[in-house]
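> Next one to model:
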Amino acid sequence: MIHTRKVRLMLASVALFSLAGPAMALDGADMMKKLNAATTPNGSSVSYDTAEADGDVVTVTGMKLQVAAEPGKSIDIGDVTFEGVEETEGGGYYAETVSFPDIAVSEKDASFSVKDIAIGGLSIPGKASGTTIEDILLYETAGTGPMTVSVKGKDVFTAERTETNLTRQEDNAGLDFDARLAGIKADLSGIEDAKAKDAVEQLGLTTLDGEVTMKGSWELESGNLALDEYALDFTNVGRLNIAMDFSGYTPQFMRSLQEAAKAAEANPNKEEANQAMGLAMLGLMQQLTFNSASIRFDDASITKKALDYAGSQQGVTGEQLAQSLKGLVPIMMAQLNVPELQNQVTSAVNAFLDEPKSLTISAKPEKPVPFPMIMGAAMGAPNTIPSVLGVKVTAND
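Numbering: from 1, shown residues only. Here you go, the predicted model:
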């Protein structure tokens, strides 16, 4: 009798779990619906054929992406696999990994391929309002394997890998980000224009090796976007780094920008749409504040080569051309009627041409400057801009 009761209890438990199973299963269609809603603010949309869930894996077939820049056209992505998927608070979804098929496209004599495309830690919001980090489509990591561009059967550009990381700041106040395009190799030996080919050979740029890196942060409440590093670094050429810091780029600013872009795209009168977009941009710019910016070039032998080559085209040596430039720079700067900046530029250029190491142009005002003030100075008194922004030019520092 006791044995019979145990069997009945076990059967009842099995029946209970079998009934609960479908209710707890992932809804692939709902996940894709919310993914599409999260991409829509950027002017994009996602479509697909099927979205089937099996445990914590959602397999999406026939996925396509349409972007605002190409209305009426879509990018065929193919079959995408979301693994480690779980529902999150607020009706959203989190996927540990998202794997994409390799890309291989060709047109006429050119082809492009990318392998091992994947995203890690994808967060799909339940409601894509874009007001907090929780309401934005985000990922923790993204990257690819080898990337190749070929022309007439010859690889003209390759990269070993790309990688991007997003890290949430404490209390979800913002994001820290970094990215890298590593192992770049470019083959310029196939250039057909005789003059350009000669320049490339004389400068020793037949092949290029290097990488591109980026690092920065974004704070939501203040809209402070700091790009600390955006660098192109190539062997035997040099490293060019661009940095900037401004505030006001809030989620609200982003939404206004997206809405203006949508309105312009929907207007069939393109001239009128462009004018409206221009006015909208002027209005939005009123919300931004300039904090700092800089451009720095660290030479790795390209400057001397460039002077020698340019000089040879004019029948002089590289040293003679450098001396001519030293005399020309003060004359050109004098036309701007900014004596202090003229002295800085002249001194920096002279030092750099004598011994090319680094050249830096920076702008860091004592206090943050609203963009309307910069625009007013540009229209009313352009020669005051260097002092307004705290512009400095230095060399070999």
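> just checking, next helix/strand downstream of the helix or strand encompassing residue 377?
Element membership of residue 377 [criterion: DSSP states H and E] is helix 371-380. Scanning forward in sequence from helix 371-380 by DSSP H and E, the next helix or strand is helix 385-389.
> List the buried residues of that following helix.
385, 386, 388, 389 (16 or more other CB atoms under 10 Å). (Glycine included, C-beta is placed from N, CA and C.)
> hang on, residue 305 packs against residue 204?
Yes. Contact criterion CB atoms under 8 Å: residue 305 and residue 204 qualify, at 6.2 Å.
> Can you work out which other helices and strands pack against the helix holding residue 377?
Under the contact criterion of 3 or more CB pairs under 8 Å, 6 or more residues apart in numbering; DSSP states H and E, helix 371-380 touches helix 270-285, strand 289-299, helix 385-389.
> I'd like the ones you listed laid out as TSV, including mean pLDDT and distance to residue 238.
Output for the helices and strands packed on helix 371-380, formatted as TSV (pLDDT from 0 to 100; distance: least, CB to CB, whole Å):
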stretch	mean pLDDT	distance to residue 238
helix 270-285	88	33
strand 289-299	98	5
helix 385-389	93	25
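> so which of the ones you listed comes closest to residue 182?
Of all the helices and strands packed on helix 371-380, strand 289-299 sits nearest to residue 182, with 18.8 Å by CB to CB.
> ok, the closest one: who's next to it in the sheet?
strand 238-247 (antiparallel), strand 358-363 (antiparallel), strand 369-370 (antiparallel) (DSSP bridges).
> Return the list of helices and strands in contact with the next helix or strand after that strand.
Of the helices and strands lying after strand 289-299 in sequence (DSSP H and E), the nearest is helix 302-313. Where contact means 3+ CB pairs under 8 Å, 6+ apart, helix 302-313 is packed against helix 194-202, helix 318-334, helix 339-354.
> and residue 73, which of those is closest to it?
Of those, nearest to residue 73 by CB to CB is helix 194-202, at 32.6 Å.
> List the buried residues of the closest one.
Neighbour-count burial for helix 194-202 [16+ other CB under 10 Å]: 199, 200.
> just use 16 as the starting number from now, easier for me
Fine by me, first position is 16 from now on; the one you just mentioned is helix 209-217.
> any idea of the angle it forms with helix 317-328?
Counting by axes from the mean of the first three to the mean of the last three CA atoms, to 10 degrees, helix 209-217 lies at 140 degrees to helix 317-328.
> next one: helix 209-217 to chain centre, how far?
Between the centre of helix 209-217 and the centre of its chain there are 31 Å (CA atoms, centre = their mean, to the nearest Å).
> What is it packed up against?
Secondary elements touching helix 209-217 (3+ CB pairs under 8 Å, 6+ apart): helix 317-328.
> which stretches of the stretch 16-165 of the chain form helices?
Taking DSSP state H, counting those that start in this stretch, the helices of the stretch 16-165 of the chain run over residues 17-39, 43-54.
> what does the last one contact?
Residues external to helix 43-54 that are found in contact with it (CB atoms under 8 Å, 6 or more residues apart in numbering): 60-63, 65-68, 73-75, 80, 97, 100, 106-108, 139-141, 143, 151-152.
> Just the buried residues of the residues you listed.
For the contacts of helix 43-54, buried by 16+ other CB under 10 Å: 61, 63, 66, 68, 73, 75, 97, 100, 107-108, 139-141, 143, 151-152.
> Can you pick out the most distant pair from the residues you listed?
68 and 151 (24.0 Å).
> picking up where we left off before, what average pLDDT does the helix holding residue 392 get?
On average, the pLDDT along helix 386-395 is 90.
> Could you figure out how far it is turned away from strand 253-262?
Using the same axes, to 10 degrees: helix 386-395 against strand 253-262 is 110 degrees.
> tell me the angle of helix 386-395 relative to helix 285-300?
Using the same axes, to 10 degrees: helix 386-395 against helix 285-300 is 120 degrees.
> List the buried residues of helix 386-395.
386, 389, 392.
> now, which of those sits nearest residue 316?
residue 389 (36.6 Å).
> which ones are touching the closest one?
Residue 389 neighbours (CB under 8 Å, 6+ apart): 305, 400, 403, 404.
> ok, now which ones touch the residue lying closest to residue 390 once chain neighbours are set aside?
Closest residue in space to residue 390, ignoring its immediate chain neighbours: residue 300 at 7.2 Å, by CB to CB, 6 or more residues apart in numbering. Residues near residue 300 by CB under 8 Å, 6+ apart: 386, 387, 390.
> Take those and write them to JSON lines, including distance to residue 176.
Formatted as JSON lines, the contacts of residue 300 follow (distance: CB to CB, whole Å):
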{"residue": "386", "distance to residue 176": "37"}
{"residue": "387", "distance to residue 176": "43"}
{"residue": "390", "distance to residue 176": "41"}
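> Can you tell me which of those residues lies closest to residue 358?
residue 390 (26.9 Å).
> What separation is there between the closest one and residue 291?
Residue 390 sits 19 Å away from residue 291, going by CB to CB, to the nearest Å.
> and if you look at residue 238?
Residue 238 is 24 Å from residue 291, where distance means CB to CB.
> Who has more neighbours out of these two?
residue 238 (20 against 15; other CB atoms under 10 Å).
> Residue 57 - nearest residue in space that isn't next to it in sequence?
residue 273 (6.8 Å).
> That neighbour: what secondary structure?
helix (DSSP: H, G, I helix; E, B strand; the rest coil).
> Spell out the residue ranges of the strands in the stretch 116-265 of the chain.
Under the criterion DSSP state E, counting those that start in this stretch, the stretch 116-265 of the chain contains strands at 118-122, 125-129, 133-139, 156-159, 162-166, 169-174, 176-183, 189-202, 222-234, 239-249, 253-262.
> Which of these sits closest to residue 380?
Across the strands of the stretch 116-265 of the chain, residue 380 has its closest neighbour in strand 253-262 (11.1 Å, CB to CB).
> where's the closest one relative to the chain centroid, distance-wise?
Counting by CA atoms, centre = their mean, strand 253-262 comes out at 13 Å from the chain centroid.
> Just send the helices and strands packed on helix 317-328 back as JSON lines, with mean pLDDT and distance to residue 172 too.
What follows is those, written out as JSON lines (pLDDT from 0 to 100; distance: least, CB to CB, whole Å):
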{"stretch": "helix 209-217", "mean pLDDT": "92", "distance to residue 172": "15"}
{"stretch": "helix 333-349", "mean pLDDT": "95", "distance to residue 172": "30"}
{"stretch": "helix 354-369", "mean pLDDT": "95", "distance to residue 172": "30"}
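> Alright, that wraps it up for me.
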